[in-house]
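> sharing a model that was predicted from the sequence below.
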Amino acid sequence: MRKGFIIISTFLIVISLTLVGCSKDKSSGDADKTVVNLFNMKVETKEQMDDLVAKYEKENPNVKVIVTTVGAGQDGATALQAKFASGEEPSIFLLGGLPETQKYLDKLADVSDTKAAKAAIEGTLEGATIDGVPYGLPMNIEGFGWMINKDIFAKAGIDVASIKTYEDFTKAVETLESKKGELGLDAVFAFSAKEDWVVNQFSNHFSAPEYHQSIISAFESKEINYEFGDRMKEYTDLINKHNIQPILSVDYSTSVEELFANEKVAIVHQGNWIVPTLDSLDPEFSKTKLGILPFFVESDTEGKISAGPSWYWGINNTLEENVVKEAKKFLDWMYTSDEGKKALTEEFQFIPAYEGYDVDSFNDPVSKEVYNALLDGKTSVWAMNQYPNGWYSSSLFPEFQKYLNGDISWDEFTANTSKKYTEMR
């Protein structure tokens, strides 16, 4: 999941993203069709979404789904605001979690009556649920933790399956460090400390258990106390000791595309979203080399990866009843029909947030691991999406960088960021 996009002016967005806001298509030949306007902020899925919609329209000739996809230099959140401000409101649009669900609450339909909501994996609706009512359907699952090159581990004589404790992980790191020369490694880790979103995700492994693995608790919390701060410090110091240096200069591209893909490091902190990038460089990488290891936080012997929905589909309840009905039908078809399921796993390369999928249809082993871990309850929630707006970029990130650089102590890091968290909440 790459960082957000450059904000452009509302005027240009409105001009470039014109949608038809009515319930009937006025274009020639489509006058009797119900129009569903879908606002997609995942630009990397544009082609797949357009193909999926074409299949749906073929099966449902009475419906016209108009897809507007933003991205590649456009700020999706600003573009969405512009659509609502212009009066050309979309029928279906993406929400980034509870803060945005709260923001658009007056516009959102209760989706508890949909087939998709009933098929959602336990807990995955929570990120768009307010006062017990789900207002969004999870788009997909993204899981993250230690992404590793299993080939390098094997060459170092490390059995990945045997890493079942925090001590096992640290010993593996030390073994890799001792064999860097023969393995051709520049370092063990390539942690992207230049990226605020990577630091934010790293913090999630330690904040999610503090908030009792509840997105709602994280959203409602007025403070962060670093209950698992000692373990966070241990991991941070381990990374810094065995990372590409200077650590503050390592960005996403350097970490994933240059170092990890070229087998110059064995471990990065990323998620399953790097699979397409790796496969574009080596078609067999994700199938034969890529693995994922958990963090041992709440327990030295029970590890968890972080996994959950990063986006939710909301349905505009202020439009005509037939539009709301058809919007729900489209999302149900997308996530519960055989054709929709196939497209999501094979073409979108999504990890579904819903039960009833054939794990063997997933293209890479890591996606299977993430999906099974979620089903088995062995994951941490995306608590970091519920932090106070702007906290991670304005406080967590710069203070974490100061600690890595030796400019402040760990106690100063936790004190400074905790104080700012409460102030910004």
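Thanks, I have the structure now.
> for the chain, which spans come out with low pLDDT?
Scanning the chain for pLDDT under 70 picks out the ranges 1-30, 71-74.
> per-domain residue ranges of it.
As assigned by automatic domain parsing, the chain contains the domains 10-141+309-356, 143-308+382-424.
> the nearest residue to Gly229 once chain neighbours are set aside: neighbour count?
Among residues not flanking Gly229 along the chain, Thr414 sits closest, at 5.5 Å (Cβ to Cβ, 6 or more residues apart in numbering). Bear in mind the C-beta positions are built from the backbone N, C-alpha and C, glycine included. Other residues near Thr414 come to 18 when the count uses other Cβ atoms under 10 Å.
> can you tell me the helix or strand for Thr414?
Using DSSP states H and E, Thr414 maps to helix 410-424.
> returning to what we had before: of all the domains of the chain, which one is nearest Val370?
domain 143-308+382-424 (3.4 Å; Cβ to Cβ).
> centre of the chain to that closest one, how far?
Taking Cα atoms, centre = their mean, to the nearest Å, the mean C-alpha location of domain 143-308+382-424 is offset from the chain mean by 15 Å.
> start to end distance for that domain?
One end of domain 143-308+382-424 to the other measures 27 Å (Cα to Cα, to the nearest Å).
> about what we covered before: to Pro365, which of the domains of the chain lies closest?
Closest among those, using Cβ to Cβ: domain 143-308+382-424, at 6.9 Å.
> thought Asn204 was touching Thr379?
No - if you go by Cβ atoms under 8 Å, Asn204 and Thr379 don't touch, sitting 10.9 Å apart.
> overlap in contacts, those two.
Taking Cβ atoms under 8 Å, 6 or more residues apart in numbering as the criterion, Asn204 and Thr379 both touch Ser306.
> re earlier: so what secondary structure elements neighbour the helix holding Thr414?
helix 229-241, helix 391, helix 397-404 (3 or more Cβ pairs under 8 Å, 6 or more residues apart in numbering; DSSP states H and E).
> just checking, next helix/strand downstream of the longest one?
So that's helix 229-241. Where DSSP H and E defines the elements, the next helix or strand beyond helix 229-241 is helix 252.
> need the next SSE after that following helix, C-terminal direction.
Assigned by DSSP H and E, the successor of helix 252 is strand 267-271.
> buried residues in that next one?
Neighbour-count burial for strand 267-271 flags Ile267, Val268, His269, Gln270, Gly271 (criterion: 16 or more other Cβ atoms under 10 Å).
> so which of the helices and strands packed on helix 410-424 gets nearest Gly127?
Closest to Gly127 of the helices and strands packed on helix 410-424, according to Cβ to Cβ: helix 391, at 17.7 Å.
> ok, which stretches of the stretch 251-400 of the chain are strands?
For the stretch 251-400 of the chain, the strands defined by DSSP state E, counting those that start in this stretch occupy 267-271, 290-293, 305-308, 312-315, 379-380.
> go on, the stretch 101-250 of the chain?
Counting by DSSP E, counting those that start in this stretch, the strands of the stretch 101-250 of the chain are 129-130, 133-134, 137-138, 142-149.
> how many neighbours does the closest residue to Ala261 other than its chain neighbours have?
In space, and not counting its chain neighbours, Ala261 is closest to Leu281: 4.8 Å by Cβ to Cβ, 6+ apart. Neighbours of Leu281 under the rule other Cβ under 10 Å: 12.
> with Ala119 instead?
Residues within reach of Ala119, counting by other Cβ under 10 Å, total 17.
> state the distance from it to Glu88.
The span separating Ala119 from Glu88 equals 31 Å under the rule Cβ to Cβ, to the nearest Å.
> and for Trp273?
To Glu88, Trp273 is 31 Å away according to Cβ to Cβ.
> list the contacts of the closest residue to Met424 other than its chain neighbours.
For Met424, ignoring the flanking residues on the chain, the nearest one in space by Cβ to Cβ, 6+ apart is Pro388 at 3.9 Å. By Cβ under 8 Å, 6+ apart, the contact list for Pro388 reads Tyr421, Met424, Arg425.
> most surrounded residue in these?
With neighbours set by other Cβ under 10 Å, the maximum within the contacts of Pro388 is found at Tyr421, which has 21 neighbours.
> wouldn't that one be in contact with Ser395 here?
Yes - the criterion here is Cβ under 8 Å, and Tyr421 meets it with Ser395 at 7.1 Å.
> just to revisit the earlier point, so for the helix holding Thr414, what gets flagged as buried?
Phe413, Thr414, Asn416, Thr417, Ser418, Lys420, Tyr421.
> how far away is the fifth one from Pro388?
This means Ser418. Relative to Pro388, and taking Cβ to Cβ, Ser418 is found at 12 Å.
> thinking again about what came up before, out of the buried residues of helix 410-424, which one sits closest to Arg231?
If you rank those by distance to Arg231 using Cβ to Cβ, Thr414 comes first, at 12.7 Å.
> tabulate the buried residues of helix 410-424 in CSV, adding columns for distance to Tyr211.
Listed next are these as CSV, based on distance: Cβ to Cβ, whole Å:
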residue, distance to Tyr211
Phe413, 19
Thr414, 16
Asn416, 20
Thr417, 15
Ser418, 14
Lys420, 17
Tyr421, 12
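> ok, so of the residues you listed, who is nearest Asp196?
Thr417 (12.9 Å).
> what's the separation between the closest one and Val256?
Computed as Cβ to Cβ, the Thr417 to Val256 distance reads 26 Å.
> also Phe191?
Distance of Phe191 to Val256, given as Cβ to Cβ: 11 Å.
> who has more neighbours out of these two?
Neighbours were counted for Phe191 and for Val256 using other Cβ under 10 Å; Phe191 has more, 28 against 21.
> now that one: how far from Asn62?
Taking Cβ to Cβ, one finds Phe191 at 52 Å from Asn62.
> same deal with Phe400?
For Phe400, the distance to Asn62 (Cβ to Cβ) stands at 53 Å.
> who has more neighbours, these two?
Remark: of Phe400 and Asn62, Phe400 carries more neighbours, 23 against 11, as counted by other Cβ under 10 Å.
> Asn272 contacts Val366, correct?
Yes - at 5.4 Å, Asn272 and Val366 qualify as touching, with contact defined as Cβ under 8 Å.
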